[in-house]
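# everything below, folded, please.
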Amino acid sequence: MMKQGSIQLNINKCLWLIGLTVFFFASYNFSNAFTAERNDVSSIVFDWETIIPLWSWTIVPYWSIDLMYGLAILLAKSNQSLKTLCFRLLTAQIICVCCFLLFPLKFSFDRPAMDGFFGLLFDILMGFDKPFNQAPSLHITLLIILWQFYANYFQTFFRYILHIWCLLIALSVLTNWQHHFFDIPTGVWVGCLCIWLWPNDGIFTLKLAFLSKQYRWAFIYCCLTLLTMSLAIYMKGWGLWLFWLSGAFLLVALNYLLIGAKGYQKQSNMGIFHSSLFYYIYLILSLYGSIHVYGRFGTIQTISLRITFI
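Okay, here's the model as predicted:
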């Protein structure tokens, strides 16, 4: 039994790691590309920031947060700690990307070209990163979350090494000329907010007892609608097919919110060919499963998701 639970935990770790990685690059790159097309992007920089040196070696601690990110997920000791950590990381990504899109900022200094090993690391970084996505610093936000995780994980002198290394990471966002100072405290604030929203007991701080599952699922599908629409715009080409999936998610959200089970039109006296096509990709994702939707009078109904065109 214990072995089976360990296997399930490892599977969950892999699923979370893959999902968060895909979401990170998709949302971060979309925000970068979208902001690059705008003409209203400014900077928040203090005069004294011109004296901040460019230390090329600090690119090493800067990059190390990627290793800390993946390793933290793999080191989670239980499904509860894994869930708490991953929801914090996911929340951080959502909040920061929303801020990047709503309040775009850019880094205003021109970093000189560098060579050698450190120059190579900078070249790799700039291969996908742009001088946008500034405040709050996602790097600092993730650092706060991971710092708290590892501080609880290590109980020996390694904690002192951890604190020194995390301080170097925090310093590196300035000495790499990647962020202005304004991005740092805002990133710290969002990181602390994510920890507050998802405490160690696993109970979401803002969870409302009176909010029924009907509205919670509607909110989830609205988020999926926005995510798939963003991916379709960013990927273009074949990625435009994701608009079909976003449309299906939007309809499911409306069914939960307003229409109820009738919105799936699976009643025996109604044609289902057009309904199956409408929800086609969504149905494939939920193949041989079932969903529970609220009927008009608040009763829960189970709707089969098996695809049929007869």
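
# what about the helices in the chain?
2-36, 59-75, 79-102, 116-128, 138-153, 158-175, 183-197, 213-235, 242-254, 273-278, 280-285 (DSSP state H).

# what are the buried residues along stretch 25-45?
Within stretch 25-45, the residues that count as buried by 16 or more other C-beta atoms under 10 Å are 26-32, 34-35. Yep, even glycine has a C-beta here, placed from its N, CA and C like the rest.

# which residues touch it?
93-94, 97, 100-101, 104-108, 128-130, 132-135, 138, 180-182, 227, 230-231, 233-234 (C-beta atoms under 8 Å, 6 or more residues apart in numbering).

# quick check: residue 232 vs residue 248, distance?
13 Å (C-beta to C-beta, to the nearest Å).

# wait, residue 218 touches residue 253, no?
Yes. Contact criterion C-beta atoms under 8 Å: residue 218 and residue 253 qualify, at 4.9 Å.

# lowest average pLDDT across the helices of the chain?
For these, mean pLDDT drops lowest on helix 273-278, to a mean of 46.

# still on that earlier bit, save the buried residues of stretch 25-45 as a markdown table, and put in distance to residue 171 too.
Putting those into a markdown table (distance: C-beta to C-beta, whole Å) gives the following:
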| residue | distance to residue 171 |
| --- | --- |
| 26 | 29 |
| 27 | 26 |
| 28 | 22 |
| 29 | 26 |
| 30 | 29 |
| 31 | 25 |
| 32 | 24 |
| 34 | 29 |
| 35 | 26 |
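
# ranking the helices of the chain by burial, who's on top?
helix 138-153 (a mean of 21; mean count of other C-beta atoms under 10 Å).

# between that one and helix 2-36, how big is the angle?
Counting by axes from the mean of the first three to the mean of the last three C-alpha atoms, to 10 degrees, helix 138-153 points 160 degrees away from the direction of helix 2-36.

# give me the helices and strands touching helix 138-153, please.
Applying 3 or more C-beta pairs under 8 Å, 6 or more residues apart in numbering; DSSP states H and E, one finds that helix 138-153 makes contact with helix 59-75, helix 79-102, helix 158-175, helix 183-197.

# and those: which comes nearest residue 121?
Residue 121 lies closest to helix 59-75 among the helices and strands packed on helix 138-153, at 4.6 Å (C-beta to C-beta).

# hang on, the earlier thing: turn the helices of the chain into a markdown table, columns for distance to residue 47.
A markdown table is the format used below for the helices of the chain (distance: least, C-beta to C-beta, whole Å):
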| stretch | distance to residue 47 |
| --- | --- |
| helix 2-36 | 25 |
| helix 59-75 | 25 |
| helix 79-102 | 24 |
| helix 116-128 | 26 |
| helix 138-153 | 22 |
| helix 158-175 | 15 |
| helix 183-197 | 17 |
| helix 213-235 | 36 |
| helix 242-254 | 45 |
| helix 273-278 | 58 |
| helix 280-285 | 53 |
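
# so which of those is nearest residue 51?
Among the helices of the chain, helix 158-175 comes nearest to residue 51, with 11.0 Å by C-beta to C-beta.

# helices or strands up against that closest one?
helix 59-75, helix 138-153, helix 183-197.

# output stretch 185-195 as CSV, nothing but the C-alphas.
C-alpha atoms of stretch 185-195 as CSV (Å, rounded to 0.1, in the frame of the first residue of the first chain):
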residue,chain,number,x,y,z
PRO,A,185,10.0,44.6,-3.7
THR,A,186,7.0,44.0,-5.9
GLY,A,187,8.3,40.4,-6.6
VAL,A,188,8.8,39.8,-2.9
TRP,A,189,5.3,41.0,-2.2
VAL,A,190,3.7,38.7,-4.8
GLY,A,191,5.8,35.8,-3.5
CYS,A,192,4.6,36.3,0.1
LEU,A,193,1.0,36.7,-1.2
CYS,A,194,1.2,33.3,-2.9
ILE,A,195,2.5,31.6,0.3
